[in-house]
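Q: what follows is a predicted protein model with its sequence.
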Amino acid sequence: MEKTLILIKPNAIQRGLTGDIITRFERKGLRFAGIKMLFMDDELVAEHYSHLKDRPFFPYLKASMQASPLIACCLEGAEAVETVRLMVGATNSRKALPGTIRGDFSMSGEQNVVHASDSVENALVEINRFFKPEELFDYQSAVTCFEYGGEETLKFK
Ligand code: IDP
Ligand code: MG
């Protein structure tokens, strides 16, 4: 099944939202393939946000990602990249729909509580960026047959 990366950002850690965020993904039926706490050093921030390095807000973004350790999770499920982006909501939390994580937990365009990979291609790169192969776990969920239909189980194997 497809894998994606989420980061529970320092602002969510500071605000005590980790459990609520993790619960949302668990209740949805996404499986945790990996989870770890780490500090994003300068190199990791530069690499992860290279597409934003020339934007005026980059120094603020960098400081916000280094305000404390964060939690990286690799989530797995059918069409996990798109599903998780829908659950996370728009970048600017004030425009994110109620019911989404950013829409429910944040007022900010910068301090928007979570990162989520935006394409299958980027998810592969980002998972490699944050996890060593031995930190990811492949295991059977006992309830997969209740979470997915028969056709889906074959299609998204
Ligand atoms: P995404 O997180 O929804 O994928 P990106 O455009 O990849 O959005 O931006 C990465 C992060 O940079 C955002 O989550 C947010 O923290 C920050 N950011 C993006 N645009 C702005 C902005 O206009 N002002 C301040 N921070 C921004
Ligand atoms: Mg992005």
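A: On my side now, so go ahead. Residues are numbered from 1 along each chain as shown. Ligands and ions are numbered 1, 2, ... in the order given.

Q: tell me where the protein has helices.
A: Assigned by DSSP state H, the helices in the chain fall at 10-14, 18-28, 42-48, 58-65, 80-88, 101-105, 120-130, 144-147, 150-155.

Q: contacts for the third one next, please.
A: The reference is to helix 42-48. For helix 42-48, the surrounding residues in contact (C-beta atoms under 8 Å, 6 or more residues apart in numbering) are M40, K53, K62, M65, Q66, E126, R129. (C-beta placed from N, C-alpha, C; glycine too.)

Q: just the buried residues of that helix, please?
A: The neighbour-count check on helix 42-48 (16 or more other C-beta atoms under 10 Å) flags V45, H48 as buried.

Q: list, one by one, the residues from the chain near ligand 1.
A: Taking C-beta under 6 Å from any ligand atom as the contact definition, the chain meets ligand 1 at L52, F57, L61, T91, G109, E110, N112, H115, D118.

Q: turn the buried ones among these into a named ChimeraX selection, would you?
A: Only the buried members of the residues of the chain next to ligand 1 enter the following ChimeraX selection, criterion being 16+ other C-beta under 10 Å:
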select :61,110,112,115,118
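
Q: now the residues of the chain next to ligand 1 as JSON lines including pLDDT?
A: Listed next are these as JSON lines, based on pLDDT from 0 to 100:
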{"residue": "L52", "pLDDT": "97"}
{"residue": "F57", "pLDDT": "97"}
{"residue": "L61", "pLDDT": "98"}
{"residue": "T91", "pLDDT": "98"}
{"residue": "G109", "pLDDT": "97"}
{"residue": "E110", "pLDDT": "97"}
{"residue": "N112", "pLDDT": "98"}
{"residue": "H115", "pLDDT": "98"}
{"residue": "D118", "pLDDT": "98"}
